[in-house]
Every structure is written in structure tokens, then in C-alpha cells.
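> I would like to see how this sequence folds:
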Amino acid sequence: MHALQIVWDPASDGINIVGNFTIHYYSLMWMAAFISGWLIMKKIYKSENQSDEKLDSLFIYTVIGIMLGARLGHVIFYQPELIKDDFFSIFLPFKFKGGFAFTGFRGLASHGAAIGMIISMYFYNKKILNKSVLWILDRIVIPVALGAICVRIGNFFNSEMIGKEAGESLPWSVIFKDYDNVARHPGQLYEAFGYVFVFLILWFLYWKTKKSEQTGYLFGLFLVLLMTVRLFVENFKIAQIDAREDWIFNLNTGQVLSIPFILIGLYFMFVYKPKSA
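Just a heads-up that it's a prediction; the model follows:
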């Protein structure tokens with residue numbers, strides 16, 4: 001019956017260290033995202049004659065900004081009941097309600113991560129870099145796009161953000177045994193595949209063209225491409241909040257939140273003019 005489908009039935013959701021302490025594959029993919037991002041920015045900073053000290057500070061600001069933004073974004077946009085029901089689980093990789101347990105950092109929203117990245121880069125530039133916030137945003141989006149690929153693969157490992165029913169004739173449909181026995185679109189992998197092109201386009205434009213000299217262009221392009229992928233792929237994924245399948249104008253939460261980012265990106269690509277020194 002399911003001969004054409006891929007069955008995702010992981011033996012575990014991570015690497016058990018000791019007792020109930022497990023490093024989840026999702027967490028490992030976040031680690032891969034930050035490590036690969038650091039390596040890319042090291043190459044970029046070397047080409048831009050920026051110091052290793054500034055690179056080390058950038059790593060700290062990026063990790064804090066993206067993780068905090070992603071977590072708060074998830075809580076605000078998708079799970080506000082946590083504020084009242086299990087407040088400390090918002091900031092710590094543990095749950096306290098219903099018994100103490102290590103969970104890792106689950107429940108992270110890409111829209112919140114984008115906001116957190118922008119805010120953290122503002123403070124990083126003000127305190128460390130002293131160039132312009134758009135200068136660093138035009139460059140940090142390259143490793144962030146690569147990191148987004150890792151995160152969506154992590155979502156696949158976790159059997160979360162799954163796709164809608166695909167029908168048994170779709171050869172690449174996936175049955176997520178942790179969820180149900182229905183053949184579904186691998187929405188996480190669709191999104192990861194789309195982000196591959198976002199990363200490659202940004203990488204090419206930075207290294208092979210002079211677009212990095214057009215202040216705000218790469219940052220704006222990143223927002224447009226990334227959120228357009230999200231806007232499209234959401235059509236194949238079940239809504240993260242049941243009541244918001246068609247929240248506004250038949251769009252779900254992820255799609256609605258993507259539109260302002262696309263508009264902001266278009267502004268920086270085609271309208272924004274940096275102030276002359």
C-alpha cells in the first residue's frame with residue numbers, strides 16, 4: 001500500500017548522553033548552522049579586512065539574537081499560553097509543567113529569528129563594528145540562509161512542521177510515524193531545498209558581483225527570497241495553529257507574517273538610498 005512512500009520512523013530523536021539527557025538532532029542542526037555560519041563569516045571578514053576579535057563578538061551577538069528572537073517569536077506568534085502555563089520553559093531548554101524534563105530548545109520561529117537577527121546586528125554594529133547596520137546585514141544574511149537549510153532539516157528529523165496529505169501516488173511523500181500513518185508532503189525539505197537557492201544566489205552576488213556595494217540590497221534580497229519561499233511552501237504544510245489555516249485572506253500565520261518582510265526587502269532593494277556622508 002505504501003510502497004512508493006518514504007517512511008520516517010526514527011529509532012530516537014537524538015544522541016543519548018546520560019540518563020534522560022539527550023542531544024536532539026534538531027539541536028545538532030542548529031549547532032551545524034552556527035558553525036558553518038562562523039566559517040563563512042570568517043572568510044568574508046578576511047576579505048573585508050575585519051579583525052578576528054570583531055568576528056568573535058559577531059558570533060556571540062548572532063547566537064543570542066537569533067535564538068532569543070526565534071524563541072520569543074514562537075511564543076508570541078504561535079504559543080502565547082506558555083507565558084502563563086510554563087514561563088521559564090520559554091528561556092530554558094527544560095519543561096517544568098507536568099514534571100521536570102530536558103527538552104532542548106524546541107519551538108523556534110523563523111520570523112522571530114529574523115527580527116532578533118536585525119536587532120542584534122544593530123547593537124553589534126553600534127558597540128563593536130562601527131560601520132553601518134546595513135553593512136553587516138548585507139553580509140550576515142549569507143550564512144543565515146545556509147543556517148536556515150540546516151534548521152529545516154532539523155524540523156524534518158523532529159517530524160514537525162509537517163506537510164499536508166499528499167496522496168499515495170506522490171513518490172517522495174513521507175509517512176511520519178511519530179505523527180500518523182498518512183503519506184504527506186515533506187514540507188520541511190521543500191523549504192530547505194528552496195533555501196539552497198537563496199544561499200547560492202546571495203553567495204554568488206557577494207563574491208562575483210558588486211551588489212555588496214549597494215547598501216541594503218543583499219539584505220533586502222534575502223528577505224524577499226527567503227520569505228517568498230516560505231509563502232509558497234506554506235501551501236503544502238499544515239497550519240501550526242489549527243484555527244489559523246486561513247487566518248487572513250485565506251493565508252495561514254506563516255504566510256501572513258512573511259508579507260511584511262517581503263515588502264521591507266523590496267524597499268531596501270529598489271527604494272532605499274543611503275545617506276551621503
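> Poorly predicted segments of this protein, please.
1-4, 11-22, 102-106, 240-247, 276-277 (pLDDT under 70).
> mind redoing it with 90?
1-28, 74, 76-110, 158-162, 167-171, 178-180, 238-254, 274-277 (pLDDT under 90).
> so where do the helices sit in it?
Taking DSSP state H as the test, the helices found in the chain are 25-47, 52-77, 82-85, 110-124, 133-157, 187-208, 217-233, 253-270.
> among the ones you listed, which is nearest residue 239?
Using Cβ to Cβ as the measure, helix 253-270 is the one of the helices of the chain that comes nearest residue 239, at 6.8 Å. Every residue, glycine included, has its C-beta placed from N, CA and C.
> Show me what that closest one is packed against.
helix 110-124, helix 217-233 (3 or more Cβ pairs under 8 Å, 6 or more residues apart in numbering; DSSP states H and E).
> wait, residue 217 sits on residue 266?
No: Residue 217 is not in contact with residue 266 according to Cβ atoms under 8 Å; the separation is 11.1 Å.
> Would you mind telling me which of these two has more residues around it?
residue 217 (21 against 15; other Cβ atoms under 10 Å).
> Contacts only, for that one.
Applying Cβ atoms under 8 Å, 6 or more residues apart in numbering to residue 217 gives the contacts 138, 211, 268, 269.
> Span of stretch 78-94 from start to end?
19 Å (Cα to Cα, to the nearest Å).
> Report the separation between residue 24 and residue 62.
Note on residue 24: its distance to residue 62, by Cβ to Cβ, to the nearest Å, is 21 Å.
> Can you pick out the residue with more neighbours from the two?
In this view residue 24 and residue 62 are compared by other Cβ under 10 Å, and residue 62 has more residues nearby, 24 against 21.
> Look up how far residue 173 lies from the more buried one.
36 Å.
> go on, residue 56?
44 Å.
> Among those two, which residue is more densely surrounded?
residue 173 (20 against 12).
> Surely that one touches residue 8?
No: using Cβ under 8 Å as the test, residue 173 is too far from residue 8 to be in contact (10.6 Å).
> Could I get the buried residue list for stretch 195-204?
Buried residues in stretch 195-204, counted by 16 or more other Cβ atoms under 10 Å: 195, 198, 199, 201, 202.
> export those residues to TSV and tack on distance to residue 233?
Formatted as TSV, those follow (distance: Cβ to Cβ, whole Å):
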residue	distance to residue 233
195	10
198	12
199	16
201	17
202	19
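> Identify the residue nearest residue 156 in space, chain neighbours excluded?
Residue nearest to residue 156 in three dimensions, not counting chain neighbours: residue 188, with 4.2 Å by Cβ to Cβ, 6 or more residues apart in numbering.
> roughly how far apart are residue 174 and residue 190?
Counting by Cβ to Cβ - residue 174 and residue 190 are separated by 11 Å.
> my bad, should have said residue 61
31 Å.
> Between these two, which has more neighbouring residues?
Between residue 61 and residue 190, counting by other Cβ under 10 Å, residue 61 is the more crowded of the two (23 against 20).
> thought that one was touching residue 121?
Yes: look at residue 61 against residue 121 with Cβ under 8 Å: they come within range, at 7.1 Å.
> Count the neighbours of residue 206 for me.
Other residues near residue 206 come to 19 when the count uses other Cβ under 10 Å.
> Give the burial count for the residue nearest to it when sequence neighbours are not counted, as a bare number.
Nearest residue to residue 206 in three dimensions, chain neighbours excluded: residue 212, at 5.1 Å (Cβ to Cβ, 6+ apart). By other Cβ under 10 Å, 19 other residues sit near residue 212.
> quick one on the thing from earlier: compare the helices of the chain and give me the one nearest residue 91.
Closest to residue 91 of the helices of the chain, according to Cβ to Cβ: helix 52-77, at 7.1 Å.
> Run the chain-centre distance for that closest one.
Distance of helix 52-77 from the chain centroid (Cα atoms, centre = their mean, to the nearest Å) equals 12 Å.
> same deal with stretch 78-91?
From the chain centre to the centre of stretch 78-91 is a distance of 20 Å (Cα atoms, centre = their mean).
> Which of the buried residues of stretch 195-204 sits closest to residue 88?
residue 195 (32.0 Å).
> Touching, that closest one and residue 143? I think so.
No: counting by Cβ under 8 Å, residue 195 sits too far from residue 143 to count as a contact (12.0 Å).
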